[in-house]
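**Student:** no sequence for this one, just the structure:
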């Protein structure tokens, strides 16, 4: 059984920063991609960022490009999302997800292509 546990969410003022972590445990393929998604109240879940197994190839939603950075520590089996210059519109529950498909060029932005999900962590940005 694969488990993903997010942490690091909280309340921050606009312009502030937060760092989310997602620890992965269980049995899964060695070359997996990781993604972050978010869901605001009354809205659909949306893609935020993703990173391939090589920790090099990344992909970002336009809304967070230049402000958020995704990274991973394969030794610790943990993925991070550094969020800077936060805006009230970034308020949402943030979920990490694991994709077991072997992708060569870039990670997926499609939620349905991810196999495992965490329980989510709340991020609230006040104006």
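**Tutor:** That came through, no problem. What you see is a predicted model; the values in this text were computed from it and never measured. Residues are numbered from 1 along each chain as shown.
**Student:** which outside residues touch stretch 11-20?
**Tutor:** 6-10, 36, 80-88, 94, 96, 121, 123-127 (Cβ atoms under 8 Å, 6 or more residues apart in numbering). C-beta coordinates here come from the backbone N, C-alpha and C atoms, glycine included.
**Student:** which ones among those are found in helices?
**Tutor:** Assigned to helices by DSSP state H, none of the contacts of stretch 11-20 qualify.
**Student:** what subset of the residues you listed is buried?
**Tutor:** 6, 8-9, 36, 80-81, 83, 86, 94, 96, 121, 123, 125 (16 or more other Cβ atoms under 10 Å).
**Student:** now tabulate the residues you listed in a markdown table and tack on distance to residue 115 and pLDDT.
**Tutor:** Formatted as a markdown table, those follow (distance: Cβ to Cβ, whole Å; pLDDT from 0 to 100):
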| residue | distance to residue 115 | pLDDT |
| --- | --- | --- |
| 6 | 16 | 97 |
| 8 | 23 | 97 |
| 9 | 23 | 97 |
| 36 | 15 | 98 |
| 80 | 20 | 98 |
| 81 | 19 | 98 |
| 83 | 25 | 98 |
| 86 | 29 | 98 |
| 94 | 18 | 98 |
| 96 | 12 | 98 |
| 121 | 20 | 98 |
| 123 | 24 | 98 |
| 125 | 30 | 98 |
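**Student:** among those residues, which ones are in strands?
**Tutor:** By the criterion of DSSP state E, membership of the buried ones among the contacts of stretch 11-20 in strands covers 6, 36, 80, 81, 83, 94, 96, 121, 123, 125.
**Student:** span of stretch 71-82 from start to end?
**Tutor:** Taking Cα to Cα, to the nearest Å, stretch 71-82 runs 8 Å from one end to the other.
**Student:** dump the residue contacts of residue 57.
**Tutor:** Going by Cβ under 8 Å, 6+ apart, residue 57 touches 51, 105, 106, 107.
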